[in-house]
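1. kindly return the folded structure for what I paste below:
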Amino acid sequence: MESNAIYTTSDAGLSRFFGKIYGLVGMGVGLSAVISYLMLFPLSHVFVNILMNYSWVYMAALFLEFGLVFLASGAARRNTPAALPLFLVYSALNGFTLSFIIVQYTQAIVFQAFLSTA
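-> From the prediction side, this is the model:
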């Protein structure tokens, strides 16, 4: 007996999934950008104070950021509800640590770097 079954595949679910993922990643990048901007301009006095008097805060933030990578990726693999808040905390902390790197360059150079990678 021959089977004349017709199989069809739909990419609608996959497209919806990737759309959601890209949206979340975009939200994380946007949050990092906002935090970096706040640290460099409106909160520059706090930034300078951390840089001059509390340099250990930057090192602690780097280690915490590194730890959050493992914690958030583990939560994402288990598909727990904690994955999104951990990712957002990581994104905010990433913006904080990036502000220490960005401050060493002119605005034109930073804009050029982001524009060329977009």
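
2. report all helices and strands that the helix or strand encompassing V89 contacts.
-> Element membership for V89 (DSSP states H and E) is helix 83-102. With contacts taken as 3 or more C-beta pairs under 8 Å, 6 or more residues apart in numbering; DSSP states H and E, helix 83-102 sits against helix 12-40, helix 55-78. Glycine gets a C-beta too; all of them are placed from N, C-alpha and C.

3. rounded mean pLDDT for the next helix or strand after that helix, please.
-> Note on helix 83-102: by DSSP H and E, the next helix or strand toward the C-terminus is helix 107-117. Mean per-residue pLDDT for helix 107-117: 87.

4. same question for stretch 40-49.
-> Regarding stretch 40-49, the rounded mean pLDDT is 92.

5. check which residues of that stretch are buried.
-> Across stretch 40-49, burial judged by 16 or more other C-beta atoms under 10 Å covers 40, 47.

6. comparing the helices and strands packed on helix 83-102 by mean pLDDT, which bottoms out?
-> Least confidently modelled of the helices and strands packed on helix 83-102 is helix 12-40, at a mean of 92 by mean pLDDT.

7. show me the contacts for S91.
-> 27-29, 31-32, 35 (C-beta atoms under 8 Å, 6 or more residues apart in numbering).

8. re earlier: make CSV out of the helices and strands packed on helix 83-102 and add distance to F96.
-> Output for the helices and strands packed on helix 83-102, formatted as CSV (distance: least, C-beta to C-beta, whole Å):
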stretch, distance to F96
helix 12-40, 6
helix 55-78, 6
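
9. and F111, which of the ones you listed is closest to it?
-> helix 12-40 (11.8 Å; C-beta to C-beta).

10. and the closest one, what does it pack against?
-> helix 44-53, helix 83-102.

11. how far off helix 44-53 does that helix point, in degrees?
-> Angle of helix 12-40 versus helix 44-53, following axes from the mean of the first three to the mean of the last three C-alpha atoms, to 10 degrees, is 80 degrees.
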